[in-house]
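# Sequence and predicted structure below; questions after.
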Amino acid sequence: MQATGRRRLLVAGLLTEACVSFPAFSALDEAYEVFVVGDTCGGLTPASHELALRRLEQAGAQLTSWIQVLLEFQRDWTRHETYEAARAIVVENGGGYGMGLAYAREMIHPA
């Protein structure tokens, strides 16, 4: 990250209590803006995962979700170069929101 000059870091992984927390804490100590994608992390138990997320937030990390990250990258559904890939991910994994996108596509732009 130092070579790119970028100061934002997305963090996710297994063992929220250690493998996610420790690099996030180190990055926060070095004044990086840290985003933890909480629903793509996992802990030893649901309680320990939740407590680790709370600890990360207390330390200054910002919590987010996978869908929030995807939607912020897409930003606008009129961005045609990434529309199909983003839409497919949301339809496959986005629950009710994905169903809404699939419905809108069929009703507004039928094949």
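Here it is on my side, so go on.
# How is the protein partitioned into domains?
Domain assignment of the chain by automatic domain parsing yields the ranges 8-64, 73-108.
# from those domains, which stretch is densest packed?
domain 8-64 (a mean of 16; mean count of other C-beta atoms under 10 Å). C-beta coordinates here come from the backbone N, C-alpha and C atoms, glycine included.
# what would the domains of the chain look like in JSON lines with distance to Gln2 and mean pLDDT?
Below are the domains of the chain laid out as JSON lines (distance: least, C-beta to C-beta, whole Å; pLDDT from 0 to 100):
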{"stretch": "domain 8-64", "distance to Gln2": "9", "mean pLDDT": "98"}
{"stretch": "domain 73-108", "distance to Gln2": "23", "mean pLDDT": "87"}
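# distance of Arg7 from Gly96?
35 Å (C-beta to C-beta, to the nearest Å).
# Quick check: closest non-adjacent residue to the most centrally placed residue in the chain.
With distances taken as C-alpha atoms, centre = their mean, Trp66 lies nearest the centre of the chain, 3.2 Å away. Nearest residue to Trp66 in three dimensions, chain neighbours excluded: Thr40, at 5.2 Å (C-beta to C-beta, 6 or more residues apart in numbering).
# contacting residues for the one you found?
Thr40 makes contact with 12-13, 66, according to C-beta atoms under 8 Å, 6 or more residues apart in numbering.
# Show me which of these is closest to Gly100.
Trp66 (17.2 Å; C-beta to C-beta).
# and Ile89, what does it touch?
So Ile89 contacts Leu70 (C-beta under 8 Å, 6+ apart).
# where does the closest residue to Tyr32 other than its chain neighbours fall, helix, sheet strand or coil?
Among residues not flanking Tyr32 along the chain, Leu9 sits closest, at 5.0 Å (C-beta to C-beta, 6+ apart). For Leu9, the assignment made with DSSP: H, G, I helix; E, B strand; the rest coil gives strand.
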